[in-house]
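Trainee: Could you look at this predicted model? Sequence included:
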Amino acid sequence: MILKPNQIFGLIICATQTPTSRVRFLSTTTNLRFQSRSASVSAKMANPAVGDLEKKLITHVIFDMDGLLLDTEKFYTEVQEIILSRFNKTFDWSLKAKMMGKKAIEAARVFVEETGISDSLTAEDFLVERESMLQEMFLTSELMPGASRLVKHLHASGVPICVATGTHKRHFALKTQRHGEIFSLMHHIVMGDDPEVKQGKPSPDIFLAAARRFEGEPVHPSKVLVFEDAPSGVLAAKNAGMSVVMVLDPRLDSSFHETADKVVSSLLDFDPAEWGLPPFTDTTT
Ligand SMILES: O=P(O)(O)OC[C@H](O)CO
Ligand SMILES: [Mg+2]
């Protein structure tokens, strides 16, 4: 079964207000809707896709990590397939879409509940079972195509950049062990177990915390461009009032394109000049 974006997110997980639009959002298993004080509106109405003029106002960039800078989503997929096969079940991309980008325990709850195995395996036990497999895999993490080029380019051009990842500190260390050069260019890194990140994506918590930590005057969300691969991450960025470029895995249903301001198939296809950012001056990848 292919699910639409408004069908995909977990039980009511967050209700908050963005500093810009004062929009309150709710997310349920069967319905995702954004609410103003008086009426429900669609995601696009709450934080509409930005126009060409607004794009040119971008001054700061926030990168997601898993599946965006690092090719690590495949590890989660593999481990989840292994665990489900024990229950004679298969892992599919509609379930993957619901788990991507979330904090570990939030994704684990989705996994055991959606697959109907929660009576046999708790979310906590699922995390224990997958841990040793993941730890080994994370040490082999590779950069996604175009990640190194884009991060180095923005850093060299003086654009403030940071990372906002749902992953926790211990896994972050394993995943980035071989990529210190790229991650050292980030002004700061916000992880899922940061005390300011009360709720995982699609809550805007992590992106608002990341924006607050740039130097100087507070950065208005409309000046921030987020790069994401996960449907929940795209929504989190829009809930934060930011612009978002989605790097789409072709296995995700195409309806997940709808909320992003721009969809590309790879970071190699991103054009900084379209967003008022310094253009690439080389041809390297
Ligand atoms: O995509 P990220 O970097 O927010 O990571 C979230 C989880 O660790 C993996 O889905
Ligand atoms: Mg991601």
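Mentor: The structure has been received and is ready for your questions. Ligands and ions are numbered 1, 2, ... in the order given.
Trainee: When you work out contacts or count neighbours from here on, use the C-alpha atoms and nothing else.
Mentor: Will do.
Trainee: Residues of the stretch 101-250 of the chain that sit close to ligand 1?
Mentor: Contact residues, the stretch 101-250 of the chain versus ligand 1 (CA under 6 Å from any ligand atom): Gly101, Lys102, Lys103, Thr165, Gly166, Thr167.
Trainee: Filter the residues you listed down to the ones in strands?
Mentor: Thr165 (DSSP state E).
Trainee: Could you tell me which of the residues of the stretch 101-250 of the chain next to ligand 1 count as buried?
Mentor: Neighbour counting by 16 or more other CA atoms under 10 Å classes Gly101, Lys102, Lys103, Thr165, Gly166, Thr167 among those as buried.
Trainee: Export these to a markdown table and append columns for pLDDT and distance to ligand 2.
Mentor: Shown next, in a markdown table, are those (pLDDT from 0 to 100; distance: CA to the ion, whole Å):
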| residue | pLDDT | distance to ligand 2 |
| --- | --- | --- |
| Gly101 | 95 | 5 |
| Lys102 | 95 | 8 |
| Lys103 | 94 | 11 |
| Thr165 | 98 | 7 |
| Gly166 | 97 | 8 |
| Thr167 | 97 | 9 |
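Trainee: Against Val159, how distant is the residue nearest the centre of the chain?
Mentor: Nearest residue to the geometric centre of the chain (CA atoms, centre = their mean): Gly233, 3.2 Å. Gly233 is 22 Å from Val159, where distance means CA to CA, to the nearest Å.
Trainee: count of residues packed around the closest residue to Pro160 other than its chain neighbours?
Mentor: Spatial nearest neighbour of Pro160, chain neighbours left out: His60 (5.2 Å); criterion: CA to CA, 6 or more residues apart in numbering. For His60, the neighbour count with other CA atoms under 10 Å is 22.
Trainee: tell me the contacts of His60?
Mentor: Val159, Pro160, Ile161, Val219, Lys223, Val224, Leu225 (CA atoms under 8 Å, 6 or more residues apart in numbering).
Trainee: What residues does this protein have near ligand 2?
Mentor: Asp66, Gly67, Gly101, Asp229 (CA under 5 Å from the ion).
Trainee: so where is this structure shaky, pLDDT-wise?
Mentor: Scanning the chain for pLDDT under 70 picks out the ranges 1-48, 283-285.
Trainee: returning to that earlier point: from the contacts of His60, which single one is nearest Thr176?
Mentor: Of all the contacts of His60, Thr176 sits closest to Ile161, with 16.7 Å by CA to CA.
Trainee: Would you mind measuring from the closest one to ligand 2?
Mentor: Relative to ligand 2, Ile161 is positioned 16 Å away (CA to the ion, to the nearest Å).
Trainee: what about that residue, how many neighbours?
Mentor: Residues near Ile161, counting by other CA under 10 Å: 24.
Trainee: Write down the beta-bridge partners of the nearest residue to it once chain neighbours are set aside, one by one.
Mentor: Leaving aside its sequence neighbours, Ile161 sits nearest to Val61 (CA to CA, 6+ apart; 4.9 Å). Beta-bridge pairing for Val61 (DSSP bridges): Ile161, Leu225.
Trainee: ok, now which ones touch Val61?
Mentor: Contacts of Val61 by CA under 8 Å, 6+ apart are Val159, Pro160, Ile161, Cys162, Val224, Leu225, Val226, Phe227.
Trainee: of the residues you listed, closest to ligand 2?
Mentor: Ligand 2 lies nearest to Phe227 out of those, by CA to the ion, at 8.8 Å.
Trainee: Check which helices and strands the helix or strand containing Val79 is in contact with.
Mentor: For Val79, the host element (DSSP states H and E) is helix 73-85. Under the contact definition 3 or more CA pairs under 8 Å, 6 or more residues apart in numbering; DSSP states H and E, helix 73-85 sits against helix 123-138.
Trainee: Show residues contacting the helix or strand just after the helix it packs on.
Mentor: Downstream of helix 123-138, the first helix or strand assigned by DSSP H and E is helix 147-156. Counting by CA under 8 Å, 6+ apart, helix 147-156 makes contact with 68-70, 160-161, 182, 185-186, 267-268, 278, 280, 284-285, all of which sit outside it.
Trainee: gap between helix 147-156 and the chain center?
Mentor: In terms of CA atoms, centre = their mean, to the nearest Å, the centre of helix 147-156 is found 19 Å from the chain centre.
Trainee: From Lys55, how far off is the closest residue to ligand 2 within the chain?
Mentor: Closest residue of the chain to ligand 2, CA to the ion: Asp66 (4.1 Å). Using CA to CA, Asp66 is found at 25 Å from Lys55.
Trainee: No further queries at this time; thank you.
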